[in-house]
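Novice: Attaching a predicted model along with its sequence, questions to come.
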Amino acid sequence: MVSLQPCDFLRYTPLYAEKLDTSLTTIGDSKESFFLGSSEGVRGQCYPNQWPSENLLPSWRQTMECYYKNVMSVGRKLLGLVALALDLDEDFFIKIGALNDPAAVVRLIRYPGEVISSDVETYGASAHSDYGTVTLLLTDEVPGLQVCRDKSKQPRTWEDVPRLGGAFIVNIGDLMERWTNGLFRSTLHRVMPVGKERYSVAFFLVPNPDCNVECLKTCCSETSPARFPPILAGDYIKERFRITYAT
Ligand SMILES: O=C(O)CCC(=O)C(=O)O
Ligand SMILES: [Fe+2]
């Protein structure tokens, strides 16, 4: 069994390395990407980012570190709003330590314009939901992103997600679905190839690996018992990554 450590993710991932829809028997997703984590805290020291040389990309490191800090601050605020919506204190997720040293990552993604062959079923990103709490996504003007509003219904219907200038697209992640007992359903989405190069920047707000994700008290009752057993965020994420890169 492959044992992936958090540091293994902070790197470049080549085309077809990942298959987000693990039920597919086709080749991997047609995208390449670069992952960046926090430069601060214990995590930043234990799992340093891999920076390209300053000569090659002047100021890139500072730009990305600044982006990471700012998007993290938006993510924290958003989790405060989620907590309020769930009848919890605004700082609930802070108080339980979910964001003490979070394993949140920024992912810079490039989808190539050309398709390898029209006979092969390929996706930029095959159907999936993100693993963490919420995802804040920025895209360029190239279409391709689609959402399935009702993931329990077959056959699935997909809708294009338009880009809104100056706004983030927000996805609910699977850990949030577990925390809320399905009240906040994780967003099933995919990226279709449209024959044009496309870029996006995703921020996956993943909590501390040692954070115990168990049904929130405001989300279960005698008539609506917890549907998911408690799990450590780190164990959950590691397993999802393992499957995504193994198939
Ligand atoms: O590129 C996009 O618009 C979406 C990317 C995505 O869903 C992901 O990386 O999880
Ligand atoms: Fe995604």
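Specialist: Yes, it's here. Residues are numbered from 1 along each chain as shown. Ligands and ions are numbered 1, 2, ... in the order given.
Novice: residues from the protein in reach of ligand 1?
Specialist: 107, 109, 125, 130, 137, 139, 145, 189, 191, 200, 202 (CB under 6 Å from any ligand atom). C-beta: built from backbone N, CA, C; applies to glycine.
Novice: now the third one, nearest residue through space, not along the chain?
Specialist: Nearest residue to Ala125 in three dimensions, chain neighbours excluded: Val191, at 4.0 Å (CB to CB, 6 or more residues apart in numbering).
Novice: Spit out the contact partners of the one you found.
Specialist: 31, 111, 123-125, 144-146, 198, 200 (CB atoms under 8 Å, 6 or more residues apart in numbering).
Novice: now, which of those lie within strands?
Specialist: 111, 125, 145-146, 198, 200 (DSSP state E).
Novice: And the residue in the chain positioned nearest to ligand 1, how close does it get to Ala98?
Specialist: Using CB to the nearest ligand atom, the single residue of the chain nearest to ligand 1 is Ser200, 3.3 Å away. Ser200 sits 25 Å away from Ala98, taking CB to CB, to the nearest Å as the criterion.
Novice: can you check Leu56 too?
Specialist: The value you get for Leu56 to Ala98, if CB to CB is used, is 36 Å.
Novice: Which parts of this protein are strands?
Specialist: Using DSSP E, strands in the chain cover 12-13, 32-36, 105-111, 125-128, 134-139, 145-148, 159-160, 169-172, 188-191, 198-205, 212-213, 231-232.
Novice: helices and strands around whichever helix in the chain runs longest, which ones?
Specialist: Longest helix in the chain, counting residues (DSSP state H): helix 60-85. Where contact means 3 or more CB pairs under 8 Å, 6 or more residues apart in numbering; DSSP states H and E, helix 60-85 is packed against helix 92-95, strand 105-111, strand 134-139, strand 198-205.
Novice: Flag the shaky bits of this structure, pLDDT-wise.
Specialist: 1-8, 116-119, 247 (pLDDT under 70).
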